[in-house]
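> I'd like to go over a predicted model; first the sequence, then the structure.
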Amino acid sequence: MSHPDPIPVRAFLDDAHQALAPVVGAFAGAAARELPEPADDAEARTRARAWLIRLGEGGWLEPIRRRDWRGCCLTREALGAASPLADAVFALQGLATVPLHFAENEAMRSRWLDDAISGRAMGAFAMTEPEAGSDAAAIATRARRDGSAYVLDGAKTFISNAGIADFYTVFATTDPSLGAKGISCFVVPAETPGLTFTRAQVLAAPHPLGEISFDGCRVPEANRLGPEGRGLALGLKTLDRLRATVGAAACGMAARALDEALRHAKGRRQFGKPLAEFQLVQEKLARMATDLTAARLLVYRAAYEADRGAERVTLEAAMAKAFATEAAQRVIDDAVQILGGSGVLASSPVDRLYRAVRALRIYEGTTEIQHLVIAGQLLKESA
């Protein structure tokens, strides 16, 4: 099976997207064979840069520049199936650069966008703090105005690409008394004095994650994205657009797991016949395929609405992200069960997927938060 398969979701794709699907799938598969998944955190940090160069040189990051959300979903689905690390690299370039579009800061866009999309500069999205995860309004990193600059003090945690990024899109409060309305957004180059990579945070699935701190970190006013106090709105708008692409990555991982399960079920014999002939195995395979198809339809519906120019796709994106990531967890778990002992070997693709998919149910808004968002939208519409 090719990944991503355009046929089940063709109602939401135009001709260009249907043509893109097999091409990006072929690239992802070939590149993953040359850049296998890293064995540890240190290797992940160097491999992430190699993936960025490969993605940039091949033009695979261009859907981010064009804000082609279906193109982003197809790319993330292909990368998710081939390499969760490659998918993460793509995702972070989106998170770090989409605010440059929405804020219309031409100076920052000119300085960073081309380098980021061509793979010459790696970005990071620095919003999460020790006391500000789902409650992003609790951001405590302070940005104090000082003449024509801001001085940043505080700390960020669970930041992907921490320590290897060339620039950080940072959220900090310029007026703590205003809560969510006092948060602003800044582009902070990695070499800025006062910005420090504090430590790596090692995940079960190798991925460059860590903490950074700001200590008297002076940032020019020109590096602020959007008006003062509009940073959180900018961040949430970015997440609103990119959230469906998280679901796409989950679908890619689930599709790979389903392929592995099908291959094993047809080839593995027990009690004198292939596993695929046992009805309990067939039930799992049927459920896995149904979950995957339903998830993909939700993902591409959300991306289609965004590409049509909808001002907000909050409901559609929340449904897509929540359902697809939870479904992918179920699909991959079933794949591990079908593969049995070989499914929990560290060298097994489904074991790697099992470790990688878990984070998708947490980052960019947990499933629980997505359910609250969905319910809130429904209640608002029924008022």
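Looks like it came in fine. Residues are numbered from 1 along each chain as shown.

> When you work out contacts or count neighbours from here on, use the C-alpha atoms and nothing else.
Noted.

> just checking, residue 264 touches residue 341?
No. Here residue 264 does not reach residue 341: they are 11.9 Å apart, not a contact under CA atoms under 8 Å.

> Just want to know which of these two has more residues nearby.
The residue with the greater number of neighbours, taking residue 264 and residue 341 and applying other CA atoms under 10 Å, is residue 264; the counts read 20 against 10.

> Sticking with that one, tell me its helix or strand.
Secondary structure here is read from DSSP states H and E; on that basis residue 264 sits in helix 231-267.

> cool, residue 304 as well?
Element membership of residue 304 [criterion: DSSP H and E] is helix 279-307.

> Could you report the neighbour count for the residue lying closest to residue 54 once chain neighbours are set aside?
What sits nearest to residue 54 in space, not counting adjacent residues and going by CA to CA, 6 or more residues apart in numbering, is residue 119, at 7.4 Å. Residue 119 has 24 neighbouring residues, counting by other CA under 10 Å.

> show me what contacts residue 119?
Applying CA atoms under 8 Å, 6 or more residues apart in numbering, one finds that residue 119 lies in contact with 52, 53, 54, 55, 56, 57.

> which one of those sits closest to residue 280?
For those, the residue nearest residue 280 by CA to CA is residue 55; the value is 40.9 Å.

> average pLDDT for the helix or strand that the helix holding residue 304 is followed by?
The element immediately downstream of helix 279-307 (helix or strand, assigned by DSSP H and E) is helix 314-339. What helix 314-339 shows for mean pLDDT is 97.

> Just the element for the residue nearest in space to the middle of the chain, please.
The residue at the geometric middle of the chain, judged as the C-alpha nearest the mean C-alpha position with CA atoms, centre = their mean, is residue 91 (4.1 Å). Element membership of residue 91, judged by DSSP H and E, is helix 84-103.

> could you dump that helix to PDB, C-alpha only?
Taking Å, rounded to 0.1, in the frame of the first residue of the first chain, the C-alpha atoms of helix 84-103 are listed here in PDB:
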ATOM      1  CA  PRO A  84       8.500   9.900  13.000                       C
ATOM      2  CA  LEU A  85      11.700  12.000  13.400                       C
ATOM      3  CA  ALA A  86      11.300  13.400   9.900                       C
ATOM      4  CA  ASP A  87       7.700  14.200  10.600                       C
ATOM      5  CA  ALA A  88       8.700  16.100  13.700                       C
ATOM      6  CA  VAL A  89      11.300  18.100  11.800                       C
ATOM      7  CA  PHE A  90       8.600  19.100   9.300                       C
ATOM      8  CA  ALA A  91       6.100  20.000  12.000                       C
ATOM      9  CA  LEU A  92       8.600  22.200  13.800                       C
ATOM     10  CA  GLN A  93       9.400  24.200  10.700                       C
ATOM     11  CA  GLY A  94       5.700  24.800  10.400                       C
ATOM     12  CA  LEU A  95       5.200  25.900  14.000                       C
ATOM     13  CA  ALA A  96       8.100  28.200  13.900                       C
ATOM     14  CA  THR A  97       7.400  29.900  10.600                       C
ATOM     15  CA  VAL A  98       3.600  30.100  10.300                       C
ATOM     16  CA  PRO A  99       3.500  32.900  12.900                       C
ATOM     17  CA  LEU A 100       5.700  34.900  10.500                       C
ATOM     18  CA  HIS A 101       2.900  34.800   8.000                       C
ATOM     19  CA  PHE A 102       0.100  35.700  10.300                       C
ATOM     20  CA  ALA A 103       1.900  38.500  12.000                       C
END
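
> which helices and strands sit right next to that helix?
Of the remaining helices and strands, those touching helix 84-103 by 3 or more CA pairs under 8 Å, 6 or more residues apart in numbering; DSSP states H and E are helix 41-57, helix 62-66, helix 69-82, helix 106-117, strand 123-126, strand 167-173, strand 224-225, helix 231-267.

> May I see the buried residues of the second one?
When burial is assessed from 16 or more other CA atoms under 10 Å, helix 62-66 yields the following buried residues: 62, 63, 64, 65.

> so what does it touch, helix or strand wise?
Helix 62-66 makes packing contacts with helix 69-82, helix 84-103, helix 106-117 when contacts are defined by 3+ CA pairs under 8 Å, 6+ apart.
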